[in-house]
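Engineer: mind looking at a prediction? Sequence and model below.
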Amino acid sequence: MSKQRKFVNVAAGVPGPKGAALIEKRKQYVPKGVGNNTPVFVETASGALVTDVDGNTFIDLAGAIGTLNAGHCPQEVVDAVKEQLDKYIHPCFHVGMYEPYVALAEKLAAITPGSFEKKTMFANSGAEAVENAVKIARKYTGRPGIVSFSRGFHGRTLLGMSLTSKVKPYKFEMGPFAPATYKAQFPYPLHKPASMTEDEYAQFCLRQFEDFLLTEVAPEEVAAVIMEPVQGEGGFIVPPVAFVQGVFQICKKHNILFISDEIQTGFGRTGAMFASTHFGIEPDLITMSKSLAAGLPISAVTGRAEIMDAPNPGEIGGTYGGSPLGCVAALAVIEKMERENLPGRANEIGKAIKAHFQALQAEFPVIAEVRGLGAMCAVEFVDPQTKQPAKELVAALTKGCYEFGVIVLSAGVHSNVLRFLSPLVITDEQLQEALDIMTDVLKSQYVTH
């Protein structure tokens, strides 16, 4: 794989000498529990390219775990943040209010699904958005129960862990967990029984959910159902439209709020500004973070005005929630997405990724499925004989990819899924070079495994 590449350059090795020295210092001062997927220390980054301290340049298909839909360092965001820095950094909205907070809340009311009146509160991280959405739902309904789904991921806080399905590495030996949280079964179309049509499978999964409300928790005790429209950490699982709509209608029937966790699916990733649109639903509450502000720490809960107004002053919020820097960055990101039609670009990226790997399936039967919505694509690998998850192969692929200049992440309960979270500003040339490198790595590793 010594081909000449236009964008990638890993001549210094991964990690290079400077990176290796920093890794040793990291081991000394940073706890091992703060995980890391790629042994790279970033020096500069722009668009879909990352250069490390040793001068290696990578094509980034991870995007800070879906945080950089607008790309690394978009100039509009850089300019907006610099301008804001000269005015004020953080007076704290709870003490001295500032216009960017209100302007961003107004913008989110306009672009999120639903024609009803909406309001928004801001926090710092996705997990905080989930925590606050649950608080608001409980306050509004007067009910304690929160239902999430198998393979779902909602954060690493106590409540986030409680709602999350994957035990290792997120929950192991960290209990007890928050009470009144319940997990229903989420569809996995790849595992659909062969005897069922897609519609029959969707109805089967809905019946499971209805039975869940009979056997695990009464609907009268449930404040909200929280669902990722496309599961992220769970493996980029796209549920049947009929299932999502069915759960939504069941919620309406029982006055249960529907929280759409759009932290990873939001802001153009799936080919629409928000993935809920693909399923024809208008969530009561939406949680957002990640690509909201091109990497600045900010998150949001947007919802029906009457629901958002349930908490009394001081019951939601936080010192750094909705920082001015995050707000102006988010406004610049949204403007860029609308001006450049980045959701439309996501569809083009997704088509290219899926077509590339679907063409490889005949040659590599270890590829069990190529799936996704928009640019939120994934490739699942299983042993073609035993049908067991090919976790070791995927681990080797992610390692081989970064060694040859492509940063990519795994996902899934069994870590046997490659997921694509490239910046939506990636060029066709950059994407094709990354896919070519991944194919070369797959060919070399497939023989080994």
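Structural biologist: Now that the structure is in, tell me what you want to look at. Numbers count the residues shown, from 1 in each chain.
Engineer: use CA for all of it now, contacts and neighbours both
Structural biologist: OK.
Engineer: so where's the longest helix in this structure?
Structural biologist: Across the chain, the helix with the greatest residue count (assigned by DSSP state H) is helix 428-448.
Engineer: what sits up against stretch 272-286?
Structural biologist: 111-114, 133, 229-230, 241, 244-245, 248, 257-262, 265-268, 300-304, 307, 343-344, 374 (Cα atoms under 8 Å, 6 or more residues apart in numbering).
Engineer: filter these down to the ones in helices?
Structural biologist: Those of the contacts of stretch 272-286 lying in helices (DSSP H): Ile111, Ala133, Val241, Val244, Gln245, Phe248, Ile307, Pro343, Gly344.
Engineer: if we can go back for a sec, buried stuff in the longest helix of the chain?
Structural biologist: Within helix 428-448, the residues that count as buried by 16 or more other Cα atoms under 10 Å are Gln430, Leu431, Glu433, Ala434, Leu435, Ile437, Met438, Thr439, Asp440, Val441, Leu442.
Engineer: now the contacts of stretch 272-286: which count as buried?
Structural biologist: 112-114, 133, 229-230, 244-245, 248, 257-262, 265-268, 300-304, 307, 343-344, 374.
Engineer: against Glu228, how distant is the most centrally placed residue in the chain?
Structural biologist: Nearest residue to the geometric centre of the chain (Cα atoms, centre = their mean): Gln264, 2.2 Å. Distance, Gln264 to Glu228, using Cα to Cα, to the nearest Å: 8 Å.
Engineer: follow-up on the earlier one: elements contacting the longest helix of the chain?
Structural biologist: Under the contact criterion of 3 or more Cα pairs under 8 Å, 6 or more residues apart in numbering; DSSP states H and E, helix 428-448 touches helix 342-360, helix 391-403, strand 406-407.
Engineer: give me the contacts around the longest one.
Structural biologist: Residues from elsewhere that reach helix 342-360 (Cα under 8 Å, 6+ apart): 70, 267-273, 336-337, 367, 370-377, 379, 424-425, 431, 435.
Engineer: circling back to that earlier point, pick the one among the buried residues of helix 428-448 closest to Val394.
Structural biologist: Leu442 (9.2 Å; Cα to Cα).
Engineer: tell me if I'm right that that closest one and Lys399 touch.
Structural biologist: No: with contact defined as Cα atoms under 8 Å, Leu442 does not count as touching Lys399 (11.0 Å).
Engineer: domain-wise, how is this structure divided?
Structural biologist: The chain breaks down by the TED database into domains covering 17-67+342-447, 75-340.
Engineer: where's the residue nearest to the centre of the chain relative to Ala411, distance?
Structural biologist: Going from Gln264 to Ala411 by Cα to Cα gives 13 Å.
Engineer: tell me the contacts of Pro144?
Structural biologist: Arg138, Ala180, Glu221, Val222, Ala223.
Engineer: for Ala64, what are its contacts?
Structural biologist: By Cα under 8 Å, 6+ apart, Ala64 lies in contact with Gly295.
Engineer: backbone dihedrals for it, please?
Structural biologist: Backbone geometry at Ala64, expressed as degrees, to the nearest 10, gives phi 50, psi 50.
Engineer: likewise for Ala378?
Structural biologist: phi -150, psi 150.
Engineer: that one: neighbouring residues, count only.
Structural biologist: Neighbour count of Ala378, defined by other Cα atoms under 10 Å: 28.
Engineer: contacting residues around stretch 379-390?
Structural biologist: 357, 365-371, 391, 393-394, 414, 416-419.
Engineer: select only the buried ones of these in ChimeraX?
Structural biologist: Remark: buried members of those, expressed as a ChimeraX selection using 16+ other Cα under 10 Å:
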select :357,366,367,368,369,370,371,391,393,394,414,416,417,418,419
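Engineer: hey, what's Met121 bridged with?
Structural biologist: Assessed by DSSP bridges, Met121 has beta-bridge partners Val301.
Engineer: Phe258 versus that one, what's the distance?
Structural biologist: From Met121 to Phe258 the distance is 17 Å (Cα to Cα).
Engineer: same question, Ala330
Structural biologist: Distance, Ala330 to Phe258, using Cα to Cα: 25 Å.
Engineer: what does Gln231 give?
Structural biologist: Computed as Cα to Cα, the Gln231 to Phe258 distance reads 16 Å.
Engineer: show me where the stretch 151-300 of the chain has its helices.
Structural biologist: Applying DSSP state H, counting those that start in this stretch to the stretch 151-300 of the chain gives helices spanning 158-163, 198-215, 241-253.
Engineer: can you point out the buried residues in the second one?
Structural biologist: Right, the one you point to is helix 198-215. For helix 198-215, by 16+ other Cα under 10 Å, it's Tyr201, Ala202, Gln203, Cys205, Leu206, Gln208, Phe209, Glu210, Phe212, Leu213.
Engineer: same deal with the shortest one?
Structural biologist: Of the residues in helix 158-163, those buried by neighbour count under the rule 16+ other Cα under 10 Å are Leu158, Leu159, Gly160, Met161, Ser162, Leu163.
Engineer: can you get me a residue count around Val167?
Structural biologist: Residues near Val167, counting by other Cα under 10 Å, number 14.
Engineer: hmm, I typed the wrong one, I wanted Lys27.
Structural biologist: Neighbours around Lys27, by other Cα under 10 Å: 10.
Engineer: let's have the chain start at 324 instead
Structural biologist: Got it, first residue is 324 now, which makes that one Lys350.
Engineer: what are the phi and psi values for it?
Structural biologist: Here Lys350 shows phi and psi, under degrees, to the nearest 10, equal to phi -60, psi -30.
Engineer: how far away is it from Pro362?
Structural biologist: From Lys350 to Pro362 the distance is 12 Å (Cα to Cα).
Engineer: report the contact partners of the closest residue in space to Ile549 that isn't next to it in sequence.
Structural biologist: Leaving out its chain neighbours, the residue that sits closest to Ile549 by Cα to Cα, 6 or more residues apart in numbering is Ile582, at 4.5 Å. Ile582 makes contacts with Ala456, Ala547, Val548, Ile549, Met550, Pro606, Asp607, Leu608, Ile609, Thr610, as judged by Cα under 8 Å, 6+ apart.
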